[in-house]
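K.L.:
this one's sequence-less:
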């Protein structure tokens, strides 16, 4: 067993841990910064299991800023710094029913005023772009019995797309290591150390009247004491925070991905008039929560479903996809809108977990004495990862504002729990 | 096993469940309303384990309104409706160090402007009222080494005191039964039923594209279907909400009470110049989180401690008090401020659990389809119980405003999760 000291201990080698570690190290080159992770390499928690979709389309100014600047950073990382992130601007395409369209009018206006590029597409245009799409169920008794809503309008957003989350995380790791950061894999934090700020050296400390702070962690490889501990353990955060009575503002929720590759889906890989990439944008079907995208690099379709009421919150070490969730549930609605999926079964599937913050669907960067907790990214942590890492670094430096990539400013305290000041995100998939 | 239908099923026969049930029934006398509880009687979860202290002193306007109107209701319930609630206006007395006083100046001004009666007490006045209190540690090397802060000022609030929480809960139950409400004890909700709003009668429902709602609960005594299900299960709420993916906005935390009865404490039962009740107000010592009150009816002192960083969040079915928490921790600081406790050991002790909402320390009344969740009261649910019950009833009726006891109005959506609009409570013990 080892016992070591460092200036900053980052627990969690996923995208938020490494983005934080990189920005901390680049701002504090002389500090000793160690990232630990229980897995044998980076991104092996939920980062690499994600869909890697990104969008700058959010109703909240906060989420827009976080995502929009991170997307610019992805572009910089790939085009200027030479990392192959498989960055594809395939766009997002929301397919709305008439009822959805009516509910969303105000939100869309707000987003446009903010400068988010959004293109409304009528049915004729949608038909030309995606000939495989069924938009109307007249005469389809089954669809009518199911209560499926016709597609009334499309909303295409071009500054959106797909990125290899694993590659982004590895790019941060590489840059962090290049600056002299240290990484220890196979090292799991068992518990956070809580110590009095002024130790008396008496058994029983910390006492109730003493000011306390987090002073590092006990890990499977020994104690690591740290001036500041960054907890970036995603859905596993409750395991570290609950035992010391700190709120994580998130609940773990499984999300599954199903992958399809079949000649019948050829039409979805050759979309006209949208992104220029040719592949199906990340397309969200009306009401059901089903979304799918063309994966340019492998010529496949990835499909997921944002299920809400009824899908449990629960931490699973190794969440499994449910084949019957596709065959007995998603399939029924999917095949009505996209009959090209008829009789197709996924060639691959897996599941990850989201750290869902139901309150405002916005990430948390929250200080406690000796500690910064970063997480609760609610399924959009990768697309906001760079901004979040910069905010963690600004929080460490006790700066009021963080400068996001591209120069926009962000008030650090807004993402804190005690000082929280964010709008509730209403544009949720 | 039974299967029954009702208009409203209230799960949880604690104070929030019964306050909700009573106000729902009084507003909807013709509806069938059933309260179920796993215990054999009312208040046997954490209600009867509480300290039963109440205060109208909160920094947030929301918490002030909820508590102030509920205190008036307690008075009405005892003096007009004839329930013996052991209502004693012993007051609250905060003992502040100089540093605390400085930090709080603005908050106190705000509270006074709101009409909260607060009396500042200098050291001389404190000394006359509580001769047993030590306010200065000059020359006490041990206290200086411990870093204990001298008392600089007292803040006495008279519209505060002590109530028998069990008796309040039983009063609600009696009134609810009198109106024709039904109660089933020994009946535990195992899970909430989630059904499609329009059932197709096909196996596998609810499907992802169907609108869903909560339709009752499966209990240990059979299924109870309900038009609306009120979840009022306090710290046990995660057990019902997590499985269907709803946020409870709270974490369970143990809080212990220690009871003392000894001739040495006689001085604390005969306080002069404060409440008129003679017993020690609920008195909060500086910094440590230790508080204690004189229990008028039994001539004892009740003592607790609000421990924060380091005290875990964890659901325990039968939380136990920790004797050594008193003897090895609280005692050291207590005896410095109140040497009359020297060598005393508690004659009784127990533990309950708080449903802590770290975000804003304000209760939640939050609708989901077919359901209202009420909870997250953060240790001050009893003193806000009446207002909360009225807000639940207003939420059920889809009224925008609830009328609190005494006529003040409250915007119902403010306590919802999706529509939350409350100030963070900063005046926390």
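P.N.:
Received the coordinates, thanks. Predicted model, so just to flag it, every value in this text is computed and none were measured.
K.L.:
Leaving out sequence neighbours, find the closest residue to the residue of the stretch 51-200 of chain A found nearest chain B.
P.N.:
Nearest residue of the stretch 51-200 of chain A to chain B (Cβ to the nearest Cβ) works out as residue A:194 at 4.6 Å. Using the backbone N, CA and C atoms, a C-beta is placed for each residue, glycine as well. The shortest distance from residue A:194 to any non-neighbouring residue, by Cβ to Cβ, 6 or more residues apart in numbering or on different chains, is to residue B:310 (4.6 Å).
K.L.:
Residue A:426: neighbouring residues, count only.
P.N.:
16 (other Cβ atoms under 10 Å in any protein chain shown).
K.L.:
Run a quick check on the residue nearest to residue A:194 versus residue A:245, I expect a contact.
P.N.:
Yes - in this structure residue B:310 lies within contact range of residue A:245 using Cβ atoms under 8 Å: 6.5 Å.
K.L.:
so where's chain A shaky on pLDDT?
P.N.:
A:1-3 (pLDDT under 70).
K.L.:
Buried residues in stretch A:28-45, which are they?
P.N.:
Buried residues in stretch A:28-45, counted by 16 or more other Cβ atoms under 10 Å in any protein chain shown: A:28, A:31-39, A:42-45.
K.L.:
Just the endpoints, please. Distance across that stretch?
P.N.:
Start-to-end span of stretch A:28-45 (Cα to Cα, to the nearest Å) is 27 Å.
K.L.:
do stretch A:207-221 and chain B meet?
P.N.:
Yes - counting by Cβ under 8 Å from any Cβ of the partner chain, contacts between stretch A:207-221 and chain B involve A:207, A:208, A:209, A:210, A:212, A:213, A:214.
K.L.:
Give me the neighbour count for the closest residue to residue A:158 other than its chain neighbours.
P.N.:
Distances taken as Cβ to Cβ, 6+ apart place residue A:91 nearest to residue A:158, at 5.0 Å, with adjacent residues excluded. When neighbours are defined as other Cβ under 10 Å, residue A:91 has 27 of them.
K.L.:
Report the contact partners of residue A:91.
P.N.:
A:156, A:157, A:158, A:160, A:161, A:274, A:275, A:277, A:281, A:282 (Cβ atoms under 8 Å, 6 or more residues apart in numbering or on different chains).
K.L.:
Over to the residue of the stretch 301-429 of chain A found nearest chain B: give its phi and psi.
P.N.:
Of all residues in the stretch 301-429 of chain A, residue A:358 sits closest to chain B, at 3.7 Å by Cβ to the nearest Cβ. Main-chain dihedrals, residue A:358, degrees, to the nearest 10: phi -70, psi -20.
K.L.:
The closest residue to it other than its chain neighbours: how many residues sit nearby?
P.N.:
Leaving aside its chain neighbours, residue A:358 sits nearest to residue B:247 (3.7 Å; criterion: Cβ to Cβ, 6+ apart). Close neighbours of residue B:247, defined as other Cβ under 10 Å, add up to 24.
K.L.:
Equivalent analysis for residue A:74, please.
P.N.:
The burial count for residue A:74: 23, using other Cβ under 10 Å.
K.L.:
quick one: contacts for residue A:86?
P.N.:
Contacts of residue A:86 (Cβ under 8 Å, 6+ apart): A:52, A:162, A:163, A:164, A:167, A:296, A:297.
K.L.:
Would you mind giving the secondary structure of residue A:128?
P.N.:
Using DSSP: H, G, I helix; E, B strand; the rest coil, the structure places residue A:128 in helix.
K.L.:
Quick check: the residue of the stretch 51-200 of chain A closest to chain B touching residue A:206?
P.N.:
Yes - checked against Cβ under 8 Å, the pair residue A:194 and residue A:206 is within contact range at 6.2 Å.
K.L.:
Those two: which has the busier surroundings?
P.N.:
Set residue A:194 next to residue A:206 and count neighbours by other Cβ under 10 Å: residue A:194 wins out with 23 against 20.
K.L.:
now the helices: where do they sit in the stretch 101-250 of chain A?
P.N.:
Ranges of helices within the stretch 101-250 of chain A are A:123-129, A:141-146, A:165-178, A:237-241, based on DSSP state H, counting those that start in this stretch.
K.L.:
what's the following helix or strand after the shortest one?
P.N.:
Past helix A:237-241, further along toward the C-terminus, the next helix or strand under DSSP states H and E is strand A:251-260.
K.L.:
Can you give the contact residues for the following helix or strand past that next one?
P.N.:
Sequence order places strand A:282-284 as the next helix or strand after strand A:251-260, per DSSP H and E. Here strand A:282-284 makes contact (Cβ under 8 Å, 6+ apart) with A:53, A:55, A:90-95, A:130, A:160-162, A:290-293, A:429.
K.L.:
the longest helix in chain A is where?
P.N.:
What stands out as the longest helix in chain A, according to DSSP state H, is helix A:61-79.
K.L.:
Kindly calculate the angle that that one makes with helix A:165-178.
P.N.:
70 degrees (axes from the mean of the first three to the mean of the last three Cα atoms, to 10 degrees).
K.L.:
Show me what helix A:61-79 packs onto, helices and strands only.
P.N.:
Using 3 or more Cβ pairs under 8 Å, 6 or more residues apart in numbering or on different chains; DSSP states H and E, the elements in contact with helix A:61-79 are strand A:53-54, helix A:165-178, helix A:385-396.
K.L.:
I figured residue A:415 was touching residue A:365, is that so?
P.N.:
Yes - here residue A:415 lies in contact with residue A:365, judged by Cβ under 8 Å, at a distance of 4.2 Å.
K.L.:
So if I had to pick from these two, which one is more boxed in?
P.N.:
Relative neighbour count places residue A:365 above the other of residue A:415 and residue A:365, with 29 against 26, counting by other Cβ under 10 Å.
K.L.:
ok, the more buried one - contacts?
P.N.:
Contacts of residue A:365 (Cβ under 8 Å, 6+ apart): A:372, A:373, A:374, A:388, A:391, A:392, A:395, A:412, A:415, A:416.
K.L.:
part of a strand, is it?
P.N.:
Yes - the assignment for residue A:365 is a strand, going by three-state DSSP.
K.L.:
Who does it form a beta bridge with?
P.N.:
Beta bridges link residue A:365 to residue A:374, judged by DSSP bridges.
K.L.:
Now do the nearest residue to residue A:16 once chain neighbours are set aside against residue B:369, distance only.
P.N.:
Among residues not flanking residue A:16 along the chain, residue A:232 sits closest, at 4.6 Å (Cβ to Cβ, 6+ apart). From residue A:232 across to residue B:369, the span is 35 Å (Cβ to Cβ, to the nearest Å).
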